[in-house]
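Novice: could you work out the structure for the sequence below:
(one chain, ligands or ions: 1)
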Amino acid sequence: MIRNAVKTALVLCLMASPAASQSLAKELFGAKTTSSNQRAAPHGGYAKGCLAGGVRLPETGPTWQAMRLSRNRNWGHPHTLAFIERLSTFAAKQKGWNGLYIGDISQPRGGPMLTGHRSHQIGLDIDIWMRPATRLDLSRADRENMSSISMRRAKGAYVNKNWTRQHHAILLAAAKHKAVARIFVFPGAKVQMCKDEKGDRGWLRKIRPWWGHHYHFHVRLACPRGAAGCVDQSPPPAGDGCADAEEWVRNILNPPPPNPNAPAPKRRREYVLADLPKQCTNVLQR
Ligand SMILES: [Zn+2]
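Specialist: A predicted model of the protein is given here:
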């Protein structure tokens, strides 16, 4: 008992030390190769948080393969893994698809990364390749070397010939899933889906145009029910968002002149551990 108390005090001291709390969070989280021994819980927000008790997506499942295994970013909340299982089962039923190639989810303990994304910090963001998963027997080396394929032309104003009805069907199925908060994809794809959808349009609200996202689409799950301290993004504006996407496309085709009074872009400060929710210190320790 006493020994435990002393140990706890010592650990608290170490963690409270200004040195640890002022360390760059991306270095602390980027160094972890396994998840924390805790109950699964996202702490904080998509772009400023961490993941307790992360679960590793199996490298190969019946209807998916995790790509770029060297990055060790195939860790997520259990709900995320369940979603991938379900969506990939659906994808496997589409003509020309045997499942999904899964890109980055999160690091083992989530948190900021040494390279790449700002989000993907709480195990609820998933990058899914646009390239149809045909082979599901890719080797580790294949998964490092193979690339996805782009779906865009004219800088994202339109889809190209690689875009198919099956892409529409898979994004629709993803958007209709109740756990999904939003899906990021390049503007041309959203406008195409707006045009092609002849049925219920409610799901289009969750499809959000964004830069990049023509080699993959990005699914963001909502905070799981009862996950205290998990910070949801505010919901997308009401409506199907199609007019907004069209405006985005017009601006790609005819860029408005730069605003001379625009403030200089702010340089974002990198997060130190003390910037993250306090539970993230624990997540690093356990
Ligand atoms: Zn992403």
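Novice: just the element for the residue in the stretch 101-250 of the chain positioned nearest to the ion, please.
Specialist: When distances are taken as C-beta to the ion, the stretch 101-250 of the chain reaches nearest to the ion at residue 218, 3.7 Å away. Quick note: C-beta positions are derived from backbone N, CA and C, even for glycine. In this structure, residue 218 sits in strand 216-221 according to DSSP states H and E.
Novice: just after the lowest-mean-pLDDT helix or strand in the chain, pick out the following helix or strand.
Specialist: Of all helical and strand segments in the chain, the minimum by mean pLDDT, DSSP states H and E falls on helix 2-16, at a mean of 47. Later in the chain than helix 2-16, the nearest helix or strand by DSSP H and E is helix 18-21.
Novice: and that next one, what's buried?
Specialist: By 16 or more other C-beta atoms under 10 Å, the buried positions in helix 18-21 come out as 20-21.
Novice: give the rounded mean pLDDT of that helix.
Specialist: Helix 18-21 shows an average pLDDT of 75 in the prediction.
Novice: please enumerate the helices of the protein.
Specialist: Along the chain, the segments classed as helices by DSSP state H run 2-16, 18-21, 25-30, 78-91, 140-145, 165-176, 187-196, 242-253, 279-285.
Novice: residues in contact with residue 62?
Specialist: With contacts defined as C-beta atoms under 8 Å, 6 or more residues apart in numbering, residue 62 is in contact with 89, 92, 99, 136.
Novice: give me every residue that touches the first one.
Specialist: Residues touching residue 89, when contacts are defined by C-beta under 8 Å, 6+ apart, comprise 62-63, 99.
Novice: between those, which is nearest the ion?
Specialist: When the contacts of residue 89 are compared for distance to the ion (C-beta to the ion), residue 99 comes out closest, at 19.1 Å.
Novice: where in the chain is pLDDT low?
Specialist: Within the chain, the stretches falling below the threshold (pLDDT under 70) are 1-18.
Novice: what residues does it put near the ion?
Specialist: For the chain, the residues in contact with the ion (C-beta under 5 Å from the ion) are 127, 218.
Novice: nearest to the spatial middle of the chain, which residue is it?
Specialist: When C-alpha atoms, centre = their mean is applied to the chain, the residue found nearest the centroid is residue 125 (2.5 Å).
Novice: what about the nearest residue to residue 181 once chain neighbours are set aside, neighbour count?
Specialist: Take residue 181 and drop its neighbours on the chain: the residue closest to it by C-beta to C-beta, 6 or more residues apart in numbering is residue 222, 4.1 Å away. A total of 17 residues lie near residue 222 under the criterion other C-beta atoms under 10 Å.
Novice: likewise residue 27?
Specialist: Burial of residue 27 is recorded as 14 neighbouring residues (other C-beta under 10 Å).
Novice: which residues touch it?
Specialist: Contacts were defined as C-beta under 8 Å, 6+ apart; by that measure residue 27 touches residue 114.
Novice: next one: residue 231
Specialist: Shown in contact with residue 231 (C-beta under 8 Å, 6+ apart): 44-46, 49, 223.
Novice: how does it look with 6 Å?
Specialist: Applying C-beta atoms under 6 Å, 6 or more residues apart in numbering, one finds that residue 231 lies in contact with 44-45.
Novice: of the contacts of residue 62, which is the most crowded?
Specialist: In those, the most neighbours by other C-beta under 10 Å go to residue 99, 25 neighbours.
Novice: what about the closest residue in space to it that isn't next to it in sequence, neighbour count?
Specialist: Using C-beta to C-beta, 6+ apart and skipping the chain neighbours, the partner closest in space to residue 99 is residue 63 (3.4 Å). Other residues within reach of residue 63, judged by other C-beta under 10 Å, total 21.
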